[in-house]
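Undergrad: what shape does this take:
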Amino acid sequence: METAVSAGIIGIGLGAQYALLSLGFTLIYGILGVINFSHGGFYMLGGYVAFAVVSKLGLPYPVAVIAATLGCAGLGALFELLVLERHIDDHLATMMLTMGLYLVMGTVLVLAFGTEPVEFHSPVSGVWRSGRIYVPYANLVVLCACLAAIAGIYVLLYKSNLGRALRALADDRPVATALGLPPKILFPAAFGVATGLAGFTGALVTPILSLHPHIGDSILTISFMIVILGGLGSVVGAAVAAFVVGLVEAYSSIYLGGSIGALTLFLLVLATLVVRSTGLFGRQVRAA
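TA: Next up is the predicted model:
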């Protein structure tokens, strides 16, 4: 029983992390129509920025998380404004450009920090115990921070004028543009919010997992799998699918083993797409 409860807590924590990543991924697709292959790179960059701020500048870890979030958000907004904006309706071009950005980011980080994992540890130590249930305090801090960020994204999207404008562009760009909403301002803002989320997650999570120049590959894979499961462009679907994937990964890894657990996730996505090709909450996919 204790093992099942611990696995559930771990799964919810994973789900919260995955939700932040997949929300950013699906925001970019839903609003801009762009599949962002550099998303894992911004997660990775967030981790390295936080590491550099702590280890090189000697600043507190919370400052490092803020710096990583703002840095990734700023870089994402600039990339959209200066590069993607010119090709925003060319899906193949945007995929190649975001993939190119990911490769450039990986190369720069290798040159700056080397190919080996860096020693980046969470400043929070200790373990919360209740009977035979053990959960590290660092994981609980990450869970709370991720849930707070998810709540913030909900408020941004559904309770603010910026969120209403972004959702209007996602629903019908020509009509929203005709009504005076400026895509050349809102698109960089959306891209910046999404990449800021990825950087925030990387800064939070890499100290309790690992930080190396290839970690973005697995992050991109899991993000893509979650948004496919939840439905491309669906914010609610991405959040629900993220927690489903987190719980499945936690329980299957404990009871079935790591490799079988990964296979279980892919089978879950495959079975969902067989039954419902647009995912759990997806609508008809955009025409290419």
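Undergrad: could you look up the SS state of residue 58?
TA: For residue 58, the assignment made with DSSP: H, G, I helix; E, B strand; the rest coil gives coil.
Undergrad: please shift the residue numbers so they start at 19 in all later answers.
TA: In the new numbering, first residue 19, that becomes residue 76.
Undergrad: could you check how far it is from residue 231?
TA: Noted for residue 76: a distance of 23 Å to residue 231, by C-beta to C-beta, to the nearest Å. Where C-beta positions appear, they are placed from N, C-alpha and C, glycine not excepted.
Undergrad: more neighbours: those two, which one.
TA: For residue 76 against residue 231, the residue with the higher neighbour count under other C-beta atoms under 10 Å is residue 231, and the figures read 23 against 7.
Undergrad: does the more buried one really touch residue 127, like I thought?
TA: Yes - using C-beta atoms under 8 Å, residue 231 makes contact with residue 127 at a distance of 5.0 Å.
Undergrad: find the residues that touch each one of those two.
TA: Residues touching both residue 231 and residue 127 by C-beta atoms under 8 Å, 6 or more residues apart in numbering: residue 62.
Undergrad: average model confidence for stretch 120-139?
TA: Across stretch 120-139, the average pLDDT comes to 92.
Undergrad: which outside residues touch it?
TA: 55-56, 58-60, 62-63, 65-66, 68-69, 72-73, 224-225, 228-232, 234, 238.
Undergrad: buried ones among the residues you listed?
TA: With burial judged by 16 or more other C-beta atoms under 10 Å, the buried subset of those is 55-56, 58-60, 62-63, 65-66, 68-69, 72, 224-225, 229-231, 234, 238.
Undergrad: narrow those to those in helices?
TA: The subset of these located in helices under the criterion DSSP state H comprises 58, 59, 60, 62, 63, 65, 66, 68, 69, 72, 234, 238.
Undergrad: touching, the second one and residue 235? I think so.
TA: Looking back up the chat, that one is residue 59. No - the pair residue 59 and residue 235 fails to qualify as a contact (C-beta under 8 Å) at a distance of 9.6 Å.
Undergrad: check the gap between residue 171 and residue 184 for me.
TA: Using C-beta to C-beta, one obtains 11 Å as the distance from residue 171 to residue 184.
Undergrad: equivalent analysis for residue 74, please.
TA: For residue 74, the distance to residue 184 (C-beta to C-beta) stands at 36 Å.
Undergrad: so which of those two has more stuff around it?
TA: Set side by side, residue 74 and residue 184 show unequal neighbour counts under other C-beta under 10 Å, the larger going to residue 184 at 24 against 8.
Undergrad: just checking, that one touches residue 175?
TA: Yes - in this structure, residue 184 sits in contact with residue 175. The criterion is C-beta under 8 Å, and the distance is 6.8 Å.
Undergrad: about what we covered before: okay, the ones in helices among the buried ones among the contacts of stretch 120-139 in JSON lines with pLDDT and distance to residue 139 next?
TA: As requested, these are arranged in JSON lines below (pLDDT from 0 to 100; distance: C-beta to C-beta, whole Å):
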{"residue": "58", "pLDDT": "92", "distance to residue 139": "22"}
{"residue": "59", "pLDDT": "94", "distance to residue 139": "23"}
{"residue": "60", "pLDDT": "96", "distance to residue 139": "22"}
{"residue": "62", "pLDDT": "95", "distance to residue 139": "17"}
{"residue": "63", "pLDDT": "96", "distance to residue 139": "19"}
{"residue": "65", "pLDDT": "95", "distance to residue 139": "12"}
{"residue": "66", "pLDDT": "96", "distance to residue 139": "15"}
{"residue": "68", "pLDDT": "96", "distance to residue 139": "12"}
{"residue": "69", "pLDDT": "96", "distance to residue 139": "10"}
{"residue": "72", "pLDDT": "95", "distance to residue 139": "10"}
{"residue": "234", "pLDDT": "89", "distance to residue 139": "20"}
{"residue": "238", "pLDDT": "87", "distance to residue 139": "25"}
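Undergrad: out of those residues, who's nearest residue 89?
TA: Comparing those against residue 89 with C-beta to C-beta picks out residue 63 as the nearest, at 7.4 Å.
Undergrad: state the distance from the residue located most distally from the centre of the chain to residue 131.
TA: Distance from the centre of the chain peaks at residue 149, with 33.5 Å (C-alpha atoms, centre = their mean). In this view, residue 149 and residue 131 are 41 Å apart by C-beta to C-beta.
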